[in-house]
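Chemist: Using only what follows, build the 3D model:
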Amino acid sequence: MDDADLDMALRSIVFAAIGTTGQRCTTTRRLILHENIYDKFLARLKSSYQSIKIGSPLVDDTLVGPVHTKNAVRDYVNGLKTIQEQGGKILHGGKVLEGDGNFVEPTIIEINHDAPIVKEELFVPILYAIKCRSFEEAVQYNNEVPQGLSSALFTTNQRNVFTWMGPTGSDCGIANVNTGTSGAEIGGAFGGEKETGGGRESGSDSWKQYCRRVTCTINYGTQLPLAQGINFG
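Modeler: Residues are numbered from 1 along each chain as shown. Here you go, the predicted model:
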């Protein structure tokens, strides 16, 4: 949102979008930006992407390593082709890097929220930038894809925070506020909704797997009222 702490949002988004070279189930795929900050924030995001060091993960200052297979490189290339066919514009990146290993550039795409490719999971470091006009429109865009694992809202408006976490807010299993999508907190139950799948694991739900659940009803009184009104004589 346009009232967010943009410094904190920038750090969180870059980490969540490029961490693990975009190959994480909770990687940030879509960046929905309020129109009031859209251009300014994208300029800062592109500047941050230009400083990213790509290479061997065995080197200390490497931020982005390779994608996992040659097939992933093909998914990246074919995905970018489809993106451009559907009206997407490459703002940064978009190249396969020559040499040993499966290296690609982390990429920022400007695209409409309803482009079909946005609803697919490419599992490569491609980030979609999408413009919105209001909080309500941002929630609509967040919820209109078939996946529903992790989401994050950046705002200082407490009314929006409580809406985001409630039944008319994010429809994901994880609904973060002012922190990125990629974290999986140890104390929280992990899992998603919609095509991501139901159920949760770890966190507060983990103990249930080790218990035999028993339902107990205890009558502490001396009578047993019956709704049927039977006379037992």
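Chemist: Secondary structure of residue 80: a helix, I assume?
Modeler: Yes. Inclusion of residue 80 in a helix is indicated when DSSP: H, G, I helix; E, B strand; the rest coil is applied.
Chemist: Quick one: distance of stretch 165-181 to the chain centre.
Modeler: Per CA atoms, centre = their mean, to the nearest Å, the displacement of stretch 165-181 from the mean C-alpha position of its chain is 9 Å.
Chemist: can you give me the mean pLDDT across that stretch?
Modeler: For stretch 165-181, the mean pLDDT works out to 95.
Chemist: List the contacts of that stretch.
Modeler: 4-5, 8-9, 12-13, 15-16, 26-28, 139, 142-143, 148-155, 161, 163-164, 183-184, 188, 190-194, 196, 200 (CB atoms under 8 Å, 6 or more residues apart in numbering). All C-beta atoms are positioned from the backbone trio N, CA, C, and that covers glycine.
Chemist: Determine how far the last residue of that stretch lies from the first.
Modeler: One end of stretch 165-181 sits 14 Å from the other (CA to CA, to the nearest Å).
Chemist: Go through it and flag the buried ones.
Modeler: 169-177, 179-181 (16 or more other CB atoms under 10 Å).
Chemist: Compile the residues you listed into CSV and extend it with columns for distance to residue 121 and secondary structure.
Modeler: CSV is the format used below for these (distance: CB to CB, whole Å; DSSP: H, G, I helix; E, B strand; the rest coil):
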residue, distance to residue 121, secondary structure
169, 22, coil
170, 18, coil
171, 17, coil
172, 14, coil
173, 16, coil
174, 16, strand
175, 19, strand
176, 19, strand
177, 24, strand
179, 22, coil
180, 18, coil
181, 14, coil
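Chemist: Residue 167: helix or strand, and which one exactly?
Modeler: Secondary-structure element containing residue 167, defined by DSSP states H and E: none, the residue being outside all helices and strands.
Chemist: what about it, distance to residue 72?
Modeler: Residue 167 sits at a distance of 37 Å from residue 72 (criterion: CB to CB, to the nearest Å).
Chemist: what do you get for residue 222?
Modeler: Note on residue 222: its distance to residue 72, by CB to CB, is 71 Å.
Chemist: Tell me which stretches of the chain form strands.
Modeler: Using DSSP state E, the strands of the chain run over residues 30-34, 89-92, 107-110, 126-132, 150-153, 174-177.
Chemist: how about these, which one is nearest residue 83?
Modeler: Between residue 83 and these, the shortest gap by CB to CB is with strand 107-110, which sits at 5.7 Å.
Chemist: Can you name the residues in contact with that closest one?
Modeler: With CB under 8 Å, 6+ apart, strand 107-110 has contacts from 42, 45-46, 49, 80, 83, 88-94, 125-129.
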